[in-house]
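*Asks:* mind folding the following:
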Amino acid sequence: MLQFVEIGVENADAHQLLVEYFAERAAGFPAEQGQYTTTFPQPDQFVPPAGQFVLALERADGTDGELVGCGGIRRIQRADAGLVRFELKHLFLRPSVRGRGYGGLLLAELERRAVLLGAEEIVLDTNASLESAGALYRRAGYSDIAAYNANPNATNWYGKQLTP
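*Replies:* Numbering: from 1, shown residues only. From the prediction side, this is the model:
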């Protein structure tokens, strides 16, 4: 069973997962795109009502659970002052639990929390080299959108309308 725990990004467990996430991204970053740029999240952007950060724990009956992943959402501004927009950040699962459907569960949980914070739209950026991630987002109803930021690591941008 997967359980989600809201926590600050400065928490030691959250920090450890982010270190693993960034290390994996840097190691697999396409050489032709240069060097991966690491940017740790700003804590105040992941605290309600601005956003949230969650840890994913895999729990067996009667256990405290094993820390297996993380992800966050944060409110960002739209240039056209349209829908309330949140951004998905740092969706990560440890390699040992990939392929179990946890990515979809974590994504759905973050979307649910974004709606509770008032989100009408959710966006994200990713890199084309992360083929599994791109497939996950498309399966979850995300569509290609125009670049909304200047993230040097990103090659693809996705968005999705959310309904309460």
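
*Asks:* in this protein, where's the longest strand?
*Replies:* Counting by DSSP state E, the longest strand found in the chain is strand 66-76.

*Asks:* moving C-terminal from it, which element do we reach first?
*Replies:* Moving toward the C-terminus from strand 66-76, the next helix or strand (DSSP states H and E) is strand 85-93.

*Asks:* could you pull out the helices in the protein for me?
*Replies:* In the chain, helices defined by DSSP state H lie at 12-28, 102-116, 131-139, listed in chain order.

*Asks:* now, of these, which is deepest in the fold?
*Replies:* Across the helices of the chain, the average number of neighbours (mean count of other Cβ atoms under 10 Å) peaks for helix 102-116, which reaches a mean of 18. Placement of C-beta: from N, CA and C, glycine included.

*Asks:* show me the shaky parts of the protein.
*Replies:* 62, 79-81 (pLDDT under 70).

*Asks:* how far off centre is stretch 132-152?
*Replies:* 11 Å (Cα atoms, centre = their mean, to the nearest Å).

*Asks:* can you check stretch 52-65 too?
*Replies:* 17 Å.

*Asks:* pull it out as PDB, backbone CA atoms only.
*Replies:* Only the C-alpha atoms of stretch 52-65 are listed here, as PDB (Å, rounded to 0.1, in the frame of the first residue of the first chain):
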ATOM      1  CA  GLN A  52       2.700  21.100  -0.900                       C
ATOM      2  CA  PHE A  53       5.500  18.500  -0.900                       C
ATOM      3  CA  VAL A  54       4.700  14.900  -0.100                       C
ATOM      4  CA  LEU A  55       6.700  11.800   0.600                       C
ATOM      5  CA  ALA A  56       5.500   8.400  -0.700                       C
ATOM      6  CA  LEU A  57       5.800   5.500   1.700                       C
ATOM      7  CA  GLU A  58       5.300   1.900   0.800                       C
ATOM      8  CA  ARG A  59       3.600   0.200   3.800                       C
ATOM      9  CA  ALA A  60       3.100  -3.400   4.500                       C
ATOM     10  CA  ASP A  61       0.600  -4.400   7.300                       C
ATOM     11  CA  GLY A  62       2.100  -3.500  10.700                       C
ATOM     12  CA  THR A  63       5.200  -1.700   9.400                       C
ATOM     13  CA  ASP A  64       6.300   1.900   9.500                       C
ATOM     14  CA  GLY A  65       6.800   1.800   5.800                       C
END
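
*Asks:* brilliant, that's me finished.
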